[in-house]
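Asks: Structure for the following, please:
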Amino acid sequence: MARYKRIDKGLKLLPVDLSRQLLPGTFEHALSHLIDHELDLRVLDERFKNDESGAPAYAPSVMLKVILFAYSRGIIRSRDIEQACRENIVFMTLSGDSIPHFTTIAGFIRELEDEIADLFTQVLFLCDAQGLIGREMFAIDGVKLPSNASKARSGTRAEFMRQADKIEVEVKKMLERHREADDQTLEPNLAEKENERIERLKQDAAQLRGWIKDNPEDRRGAKGKVRKSNRTDNESAKMATDKGVIQGYTGVAAVDSAHQIIVEAQAHGTGNEQALLIPVVEAMRDLIEEDSLVTADAGYHSEDNLEQLEKLNVEALIADKGLRKRDERFADQDKHKAKPDPLWDKSAGGKKTRRFGPKDFHYDEEDKVCICPAGEFLYQNGSAVAIRGREAVKFTGANRVCGPCPLRDQCLRHPQRTPVRQVVFFTGKTRRSHFHTERMKRKIDSEEGRRRYGQRFATVEPVFANIRYNKGLNRFTLRGRHKVDTQWKLFCLVHNIEKLAHHGYAR
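Replies: The predicted structure is shown next:
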């Protein structure tokens, strides 16, 4: 019978030379060499005023090494980073066998708001010096991630006022029931639980009233429309994703096609991607050369953005929403959309009743007559209406006809409160110039345009896959746009340093 040497996995006291634990070619070796020999950290040294008094602080170089290496391994929580510094030999090496407290780690990340942009730029210059930035094509895209904010605490000031009124009414009713039950003997535990619930409701109402007092104005979007505020993090926003609605931020990245280096990273509390394109392009303006190409998907397409890009003299390929419908390569995409999603079932629990659409109404374009599915004529109340850049004709029903109509439930989404049905028929473009959009369509539909735009997906999507899944960033853990922007830049910084390590830096 074969005999083998004994395997002992118990506690050992071993002499370890920490200086020999970082192997050349690894991410941690490149990270340590970069911070020790390349980055100028004087901007971080200016934080400390303890040269004559006060306790010694952890060196910013140590904190940066520990945090960036933790992010590269998908460790985001400051408590987990502290534990790794206590147990993991690589963390011990990077920290110089010190164990920063988790509050120190969290505080260091929170206070990096202004300095992180300088560090990101320094690493970007090094990537350029190593020949990793080609400047041929830049792909811009974004990812929507949840933040450390409660989606349930979103609403307008009017909605918060109604919530506070509702809670106060409920508290009054509960107190009245208490007074009526004074003569009755209640179990002590039940009475105590009731009193605790009343106190919690009072605190909730007081918090709502306090927030309303501290925020006299509603949050508004770029066009002045009222947007929902959030009492946990008012700079975050509700965003629609393919996995449902989240409360969070959009992390935007501009990626160079040569070696997938992130040349610009920003985080914004809005789901409107159109408003984010120009700020990103302007931030990376120094890297864009005359023959450089900027690409982005349909979420960033608008006539105003295309016009602004032309003013900036930036060559771009920005897809529109009808790109895939015009591309014969996506002719069979409907059969794939019909397949069930293995990650998330988007179908509703019950079968929805089909409502009448414009196709169910008979519209005579010559006589300008519209007849509804019930056989009644509708009145024309707009012959040249502009809706989203398109000319349209509007028709509306009469109260005497729509009121008693037996098809109201099939015709109206809210038959209880909507009096009549309106229907719109699009006829063509408005007189407003869409020169830039039409020109972009012709350019992106050309053989050369399709070829060059096709590189966008392979440039930017692997970067997000690396950050989200390999690095474990499935949500932002901080609050406030500046802090979330710092965390997003730190993860993008890890990605760029990883690229440096893979291409032989510091070997």
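Asks: low-scoring stretches of the protein, by residue?
Replies: Low-confidence segments of the chain (pLDDT under 70): 181-191, 222-223, 333-353, 383-384, 388-389, 428-433.
Asks: now the strands for the stretch 351-500 of the chain?
Replies: Secondary structure of the stretch 351-500 of the chain, counting by DSSP state E, counting those that start in this stretch: strands at 362-364, 369-371, 377-387, 390-396, 422-429.
Asks: just the ones you listed: most buried one?
Replies: Each of these was scored by mean neighbour count; the highest is strand 390-396, a mean of 18, by mean count of other Cβ atoms under 10 Å. For the C-beta atoms, the positions are set from N, CA and C on the backbone; glycine is no exception.
Asks: Which strands border that one, and is each parallel or antiparallel?
Replies: Using DSSP bridges, strand 390-396 pairs in its sheet with strand 377-387 (antiparallel), strand 422-429 (antiparallel).
Asks: which one of the strands of the stretch 351-500 of the chain lies closest to residue 108?
Replies: Across the strands of the stretch 351-500 of the chain, residue 108 has its closest neighbour in strand 377-387 (51.0 Å, Cβ to Cβ).
Asks: Dump the strands paired with strand 390-396 into a markdown table; add distance to residue 88 as well.
Replies: Conversion of the strands paired with strand 390-396 to a markdown table gives the following (distance: least, Cβ to Cβ, whole Å):
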| stretch | distance to residue 88 |
| --- | --- |
| strand 377-387 | 59 |
| strand 422-429 | 62 |
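Asks: Quick one: closest of these to residue 25.
Replies: Comparison of the strands paired with strand 390-396 against residue 25 by Cβ to Cβ identifies strand 422-429 as nearest, at 57.7 Å.
Asks: any idea how far that closest one is from the chain center?
Replies: Its chain's C-alpha centre and that of strand 422-429 lie 34 Å apart, by Cα atoms, centre = their mean, to the nearest Å.
Asks: the helices in the stretch 201-350 of the chain, which residues?
Replies: Ranges of helices in the stretch 201-350 of the chain, per DSSP state H, counting those that start in this stretch, are 277-283, 303-311, 323-326, 333-337.
Asks: Just the buried positions in the third one, please.
Replies: Judged by neighbour count (16 or more other Cβ atoms under 10 Å), helix 323-326 contains these buried residues: residue 323.
Asks: How much space separates residue 108 from residue 486?
Replies: Distance, residue 108 to residue 486, by Cβ to Cβ, to the nearest Å: 10 Å.
Asks: Of all the strands of the stretch 351-500 of the chain, which one is nearest residue 29?
Replies: Nearest of these (Cβ to Cβ): strand 390-396, 57.9 Å.
Asks: circling back to that earlier point, and the helices of the stretch 201-350 of the chain as JSON lines, adding distance to residue 356?
Replies: Listed next are the helices of the stretch 201-350 of the chain as JSON lines, based on distance: least, Cβ to Cβ, whole Å:
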{"stretch": "helix 277-283", "distance to residue 356": "38"}
{"stretch": "helix 303-311", "distance to residue 356": "32"}
{"stretch": "helix 323-326", "distance to residue 356": "25"}
{"stretch": "helix 333-337", "distance to residue 356": "23"}
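Asks: Deepest-packed of these, please.
Replies: Mean neighbour count (mean count of other Cβ under 10 Å) peaks for helix 277-283 among the helices of the stretch 201-350 of the chain, with a mean of 19.
Asks: contact partners of that helix?
Replies: With contact meaning Cβ atoms under 8 Å, 6 or more residues apart in numbering, helix 277-283 is reached by 140, 252, 254, 264, 266, 288, 294, 296, 300, 305, 308-309, 312, 314, 318.
Asks: give me that answer again for 7 Å
Replies: Outside helix 277-283, the residues that touch it by Cβ atoms under 7 Å, 6 or more residues apart in numbering are 140, 252, 254, 264, 266, 294, 296, 300, 305, 308-309, 312, 314.
Asks: got it, and stretch 151-171?
Replies: 198, 201-202, 204-205, 208-209, 211-212, 215, 218, 226, 228-232, 238, 246-247.
Asks: Show me which positions of it end up buried.
Replies: In terms of neighbour count (16+ other Cβ under 10 Å), stretch 151-171 has its buried residues at 151, 153-155, 157, 160, 163-164, 167-168, 171.
Asks: Show me the domain layout of this structure.
Replies: 18-46+56-111, 134-148+237-331+434-488, 157-217, 358-420 (automatic domain parsing).
Asks: Any chance of JSON lines for those domains, columns distance to residue 9?
Replies: As requested, the domains of the chain are exported to JSON lines (distance: least, Cβ to Cβ, whole Å):
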{"stretch": "domain 18-46+56-111", "distance to residue 9": "15"}
{"stretch": "domain 134-148+237-331+434-488", "distance to residue 9": "27"}
{"stretch": "domain 157-217", "distance to residue 9": "49"}
{"stretch": "domain 358-420", "distance to residue 9": "65"}
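Asks: Ok, which of the ones you listed comes nearest residue 117?
Replies: Of all those, domain 134-148+237-331+434-488 comes closest under Cβ to Cβ, at 8.9 Å.
Asks: Burial check on residue 136, number of neighbours?
Replies: 14 (other Cβ atoms under 10 Å).
Asks: Tell me the buried residues within the contacts of helix 277-283.
Replies: 140, 252, 254, 264, 266, 294, 296, 300, 305, 308-309, 314.
Asks: longest strand in the chain, by residue count?
Replies: If you go by DSSP state E, the chain has its longest strand at strand 244-256.
Asks: Pull out the buried positions in that strand.
Replies: 246-256.
Asks: Check which helices and strands it sits against.
Replies: Judged by 3 or more Cβ pairs under 7 Å, 6 or more residues apart in numbering; DSSP states H and E, the packing partners of strand 244-256 are strand 137-146, strand 237-241, strand 262-268, helix 447-465, helix 481-502.
Asks: and the third one, which strands flank it?
Replies: Which is strand 262-268. Going by DSSP bridges, the partners of strand 262-268 are strand 244-256 (antiparallel).
Asks: Can I get the partner strand in CSV, CA atoms only?
Replies: The C-alpha trace of strand 244-256 is given here as CSV (Å, rounded to 0.1, in the frame of the first residue of the first chain):
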residue,chain,number,x,y,z
GLY,A,244,-36.3,46.5,-12.9
VAL,A,245,-36.2,49.9,-11.3
ILE,A,246,-33.2,50.7,-9.1
GLN,A,247,-32.1,53.7,-6.9
GLY,A,248,-28.6,54.5,-7.9
TYR,A,249,-26.1,56.1,-10.2
THR,A,250,-24.8,55.8,-13.7
GLY,A,251,-21.1,55.0,-14.1
VAL,A,252,-19.9,56.3,-17.4
ALA,A,253,-16.6,55.3,-19.0
ALA,A,254,-14.7,56.3,-22.2
VAL,A,255,-12.5,53.4,-23.3
ASP,A,256,-9.7,53.5,-25.9
